[in-house]
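> sequence and predicted model, in that order:
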Amino acid sequence: MSIRRMGIIFGLALLVGSIVSMWLPESETKIEEQLFAEITYQMSELKLVTDTLVQMRNGLTGTMQQQIDSELQRAATWLVEFKPTGDTHEARKEYLMKERDVVTQLVKDLGRIKASISRSNIATQQ
């Protein structure tokens, strides 16, 4: 068999394999790993926004400081309570999906607070 023919057969095999894999269901373990990776990414985003809010908090007083404190407490509570457990793949997947949505919303909420404080600080400085 010539090298060219082997290359064509190998290329077709790869193409057919990739097309077939698009319709095959992902393994439960792979889904859990992907969800955990998404949560880990959101945790890094959460760290960035909370670090910024802690720095901003030091320059504020009153109700703005209290608002930041309560949101930082909310983030800390989520971090402490996050424990991916479950007896079955389905239970773990369901838990990870719920927690991914919770942490994503938490990051969005903290980001909004950060943006509103930044806008109010710019407005008071002008």
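On my side now, so go ahead. Numbers count the residues shown, from 1 in each chain.

> E45 contacts L106, correct?
No. The pair E45 / L106 is not scored as a contact, 9.6 Å apart, by Cβ atoms under 8 Å. Glycine gets a C-beta too; all of them are placed from N, C-alpha and C.

> mind checking which of these two has more residues around it?
L106 (21 against 16; other Cβ atoms under 10 Å).

> can you tell me the helix or strand for the more buried one?
Using DSSP states H and E, L106 falls within helix 89-125.

> please name every helix or strand in contact with that helix.
Applying 3 or more Cβ pairs under 8 Å, 6 or more residues apart in numbering; DSSP states H and E, one finds that helix 89-125 contacts helix 28-57, helix 63-81.

> how close does the residue sitting nearest the centre point of the chain sit to T88?
Geometric centre of the chain, nearest residue: Q42, 2.7 Å, by Cα atoms, centre = their mean. Going from Q42 to T88 by Cβ to Cβ, to the nearest Å gives 24 Å.

> over to A115?
In terms of Cβ to Cβ, A115 sits 40 Å off from T88.

> related to what we said a few turns ago, just name the most buried of the helices and strands packed on helix 89-125.
By mean neighbour count, with neighbours taken as mean count of other Cβ atoms under 10 Å, helix 28-57 ranks first of the helices and strands packed on helix 89-125 at a mean of 15.
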